[in-house]
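Asks: what's the 3D shape of this:
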Amino acid sequence: MSDFDAIDALLAAAGPEVELPSAEERRTLREALNLSQAQVARAIGVSPNTVGGWESGREPTGGIREKYAYFLDSARTRLAPPPEPAPEAVTEPVTEAVAYPASETVPTTAEAPGNPADSTAERLTRPEPCVLCGRPATHEVEGFPQHLDLAECGTGTGPGTGSGTRANTPAAPPPAPQQPPTAPAFTRPAEPVKLFPAGRRTQTAASEPSDAIGQAVKDALAAHAGDVDAATAALVKRAIPDAMALLDDTRKGGRYDIVAHPWIPDILRKQTSRGADEIWEARPKWTRPELPPGAHEVTALDVNGAYLSALKTHLPIGQLEHSTGFAHDRRRAGVHLVTPPAWDHEGVLPNPIGNRDEPGPLWITEPTLRLLLRLSSPKYGLCDPPRIHESYTSGATEGLLEKFRVALKDARDRAIAEGDEVTLEYVKAMYSKFVSTMGESNYNRELNRPDWMHLIRSQAFANLWMKAYKAHDEGLTVVRAMGTDELHVIGDWQSVFPEGRSVTEVKIKDTYSLGRD
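Replies: Here you go, the predicted structure:
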């Protein structure tokens, strides 16, 4: 490098840094192209954690910044809507044909009025087929080889053919032979396309899913001659493929493509064929150690549709990516290795991570982590924040299964209102088996997301824990919390929870007495 080159390089490095979009837009651009942080990192030559840091607000420098800016600018260009097509040029009207008496000689192109020969005709270096008759021509007009003297042209338009007109326009290739006219087919008038906002862009609104659940029930009852038990058994047997078909139906027009078979980290793989993986779901199995003196009437409440409600949770869209550190990004979801905080309220409320005897770090799900962070906030102040060591996460959304959930919920509500037990059992089998088979299951080969399975289950447990807290906060005595749907309380529970069969209501499972007078 010469001295001058060195000076140029020094001045280039000392110039102002290239501008980058906001951290949020950086992530939005990458996710809109369905790219992972690891893919971007490999292209730029950094680690995935570095890209994650840039998308959280950190700024790259030097040559790396230039590369990242180029990626973002190219991504923005690719995602920009195509430019509006330029309006077509207005074609000048064709000059009206000039008619000549049959006794006169028709002028050639070079002699025609308004078309001097030297303005359009050029002599060819060697003869080429005329575009009108195919015979060798020695001139070219407006780029098309043709005869200047129509008497030489074999199209039948020369003298003596009976044609006495010639258009005052350049010649053009002969038109393709036209098919015989046919009656126009009837077409339904096109319906207007509905749009809805999606971030910085708009999307075509998806059509409402069909009533596949209702039709399946009708077909099953018809196939079994109205035998309710036989129809129910047949519907429950086909619940898994029907649930996957319903998921596909409700995903039409969705903003995100579901990654159905991503790479799975080892912590999400079963250690043995019949064993478990390393994820802790925080399933509660808690009984209050002591009750106040006296006799008490306990009501065992049943939470309706626990797994159905838990479908509304933050689910990772794509493949899980590894990261380390204590920060939690609420725009992402997955599983996390944490050291849980101490819990000092075991006497009145269950531990949010469930019954666990082994101390030390453990892998928990996104709903459990968010519950712990919530309880450590100033609003609750029930524990310290958990310490995050590492995570496997992806960009997430809470609405990934929302249309699927609403379709099942609406069918369930209709079945309850109409006393339709066949549909009720069918819908229950659809959402419960959907959750239980989306992991490593031979019964569902269309979706392999053990991370989703753990997250949905944990969300159901977290929902039950929050109901226990609400009961405690409203003055009820919480006696037991079990699984996803069982909560035992003492007190006027009807002033706290609405009674019924809806997913937002609870129903009585049992009543019993505890204590002595």
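Asks: contacts, neighbours, all on C-alpha from now
Replies: OK.
Asks: quick one, helices of the protein?
Replies: Assigned by DSSP state H, the helices in the chain fall at 3-14, 23-32, 37-44, 48-54, 62-79, 117-120, 212-223, 228-237, 239-250, 306-310, 366-375, 402-418, 421-436, 450-473.
Asks: now these in TSV, with mean neighbour count?
Replies: Formatted as TSV, the helices of the chain follow (neighbours: other Cα atoms under 10 Å):
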stretch	mean neighbour count
helix 3-14	11
helix 23-32	18
helix 37-44	16
helix 48-54	18
helix 62-79	15
helix 117-120	12
helix 212-223	16
helix 228-237	18
helix 239-250	19
helix 306-310	22
helix 366-375	21
helix 402-418	17
helix 421-436	21
helix 450-473	23
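Asks: With respect to residue 276, which of these lies nearest?
Replies: The closest of those to residue 276 is helix 450-473. By Cα to Cα, the value is 11.1 Å.
Asks: Which strands and helices lie in contact with that closest one?
Replies: Judged by 3 or more Cα pairs under 8 Å, 6 or more residues apart in numbering; DSSP states H and E, the packing partners of helix 450-473 are helix 306-310, strand 315-316, strand 332-339, strand 362-365, helix 366-375, helix 421-436, strand 477-482, strand 486-490.
Asks: Confidence-wise, which of the helices of the chain is weakest overall?
Replies: The minimum mean pLDDT among these belongs to helix 117-120 (a mean of 43).
Asks: if I look at residue 270, how far off is residue 30?
Replies: Distance of residue 270 to residue 30, given as Cα to Cα, to the nearest Å: 32 Å.
Asks: Can you name the residues in contact with stretch 235-244?
Replies: Contact with stretch 235-244 is made by 216-217, 220, 425-427, 429-431, 433-434, 443-444, 446, as judged by Cα atoms under 8 Å, 6 or more residues apart in numbering.
Asks: what do you get if the cut-off is 7 Å, keeping everything else the same?
Replies: 426, 429-430, 433-434, 444 (Cα atoms under 7 Å, 6 or more residues apart in numbering).
Asks: Stretch 60-76 now?
Replies: So stretch 60-76 is contacted by 18, 20, 26, 29, 44, 54 (Cα under 7 Å, 6+ apart).
Asks: one more time with 8 Å, if that's ok
Replies: Under Cα under 8 Å, 6+ apart, the answer for stretch 60-76 is 13, 17-21, 26, 29-30, 33, 44, 54, 59.
Asks: and of the residues you listed, the nearest to residue 412?
Replies: Closest to residue 412 out of these is residue 33 (37.0 Å), distances taken as Cα to Cα.
Asks: Measure how buried that closest one is and give me the count.
Replies: By other Cα atoms under 10 Å, the residues close to residue 33 number 12.
Asks: next one: residue 278
Replies: 15.
Asks: Disregarding residues adjacent in the polypeptide, which is nearest to it?
Replies: The shortest distance from residue 278 to any non-neighbouring residue, by Cα to Cα, 6 or more residues apart in numbering, is to residue 267 (5.1 Å).
Asks: contacting residues around the residue positioned nearest the centre of the chain?
Replies: By Cα atoms, centre = their mean, the chain has its centre lying nearest to residue 256, at 1.2 Å. Going by Cα under 8 Å, 6+ apart, residue 256 touches 317, 400.
Asks: ok, now residue 21?
Replies: Applying Cα under 8 Å, 6+ apart to residue 21 gives the contacts residue 72.
Asks: before we move on, the earlier item: against residue 341, how distant is the residue nearest to residue 278?
Replies: From residue 267 to residue 341 the distance is 22 Å (Cα to Cα).
Asks: Who has more neighbours out of these two?
Replies: Ranked by neighbour count (other Cα under 10 Å), residue 267 and residue 341 place residue 341 first, with 17 against 14.
Asks: so how far is residue 470 from the more buried one?
Replies: Using Cα to Cα, residue 341 is found at 21 Å from residue 470.
Asks: Residue 122 now?
Replies: Applying Cα to Cα to residue 122 and residue 470 gives a distance of 92 Å.
Asks: got any ranges where the stretch 151-300 of the chain has weak pLDDT?
Replies: Applying pLDDT under 70 to the stretch 151-300 of the chain flags residues 151, 153-210.
Asks: can you give me the strands for it?
Replies: Counting by DSSP state E, counting those that start in this stretch, one finds strands in the stretch 151-300 of the chain at the ranges 165-166, 195-198, 201-204, 279-280, 285-287, 296-303.
Asks: Just give me how far the lengthiest strand in the chain sits from the chain centre.
Replies: The strand that spans the most residues within the chain, counting by DSSP state E, is strand 387-397. Put simply, strand 387-397 sits 19 Å off its chain's centre (Cα atoms, centre = their mean, to the nearest Å).
Asks: Could you do stretch 221-235 as well?
Replies: Offset of stretch 221-235 from its chain centre (Cα atoms, centre = their mean): 36 Å.
Asks: No further queries at this time; thank you.
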